[in-house]
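Novice: Sequence and predicted model, in that order:
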Amino acid sequence: MDKNVMDAIEDIIKTRKPEKDIQLELAVEQGYVPSKCYLDGRLVMVLTNSGEDPCRGCNLNRKICGGR
């Protein structure tokens, strides 16, 4: 993963998650992540826009979210 993507991810992690995560809702609608995904929508979008699979690096139990 390139440095710009890593920097963007770090910025996202440092900021607070909004109550309604529109970006996560869009990612679910587009099939990037399952409907029970717990990741921040901004992180999901940064990863998908850089060609990464958001589920790949997630450590949440797949039985909870239904991820890959």
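Specialist: That came in fine, so what should we check first? Note that the coordinates shown come from a computational prediction; the quantities given were computed from them, not determined experimentally.
Novice: can you tell me the helix or strand for the residue nearest to Leu43 when sequence neighbours are not counted?
Specialist: With sequence-adjacent residues excluded and distances taken as Cβ to Cβ, 6 or more residues apart in numbering, Leu43 is closest to Ile12, at 5.0 Å. In this view, the C-beta of every residue, glycine as well, is placed from N, C-alpha and C. Here Ile12 sits within helix 3-14, counting by DSSP states H and E.
Novice: Distance from the chain centre to that helix, please.
Specialist: 12 Å (Cα atoms, centre = their mean, to the nearest Å).
Novice: can you count the residues close to Asp7?
Specialist: 11 (other Cβ atoms under 10 Å).
Novice: Make 42 the starting number, not 1.
Specialist: Shifting the count to begin at 42 puts that one at Asp48.
Novice: That one and Ser91, how far apart?
Specialist: Noted for Asp48: a distance of 12 Å to Ser91, by Cβ to Cβ, to the nearest Å.
Novice: Next, the contact list for Ile63, please.
Specialist: Contacts for Ile63 were tallied using Cβ atoms under 8 Å, 6 or more residues apart in numbering; they are Gly82.
Novice: Phi and psi next, for it.
Specialist: Dihedral pair for Ile63: phi -60, psi -40, per degrees, to the nearest 10.
Novice: got any ranges where the chain has weak pLDDT?
Specialist: Filtered on pLDDT under 70, the chain yields the residue ranges 42, 54-59.
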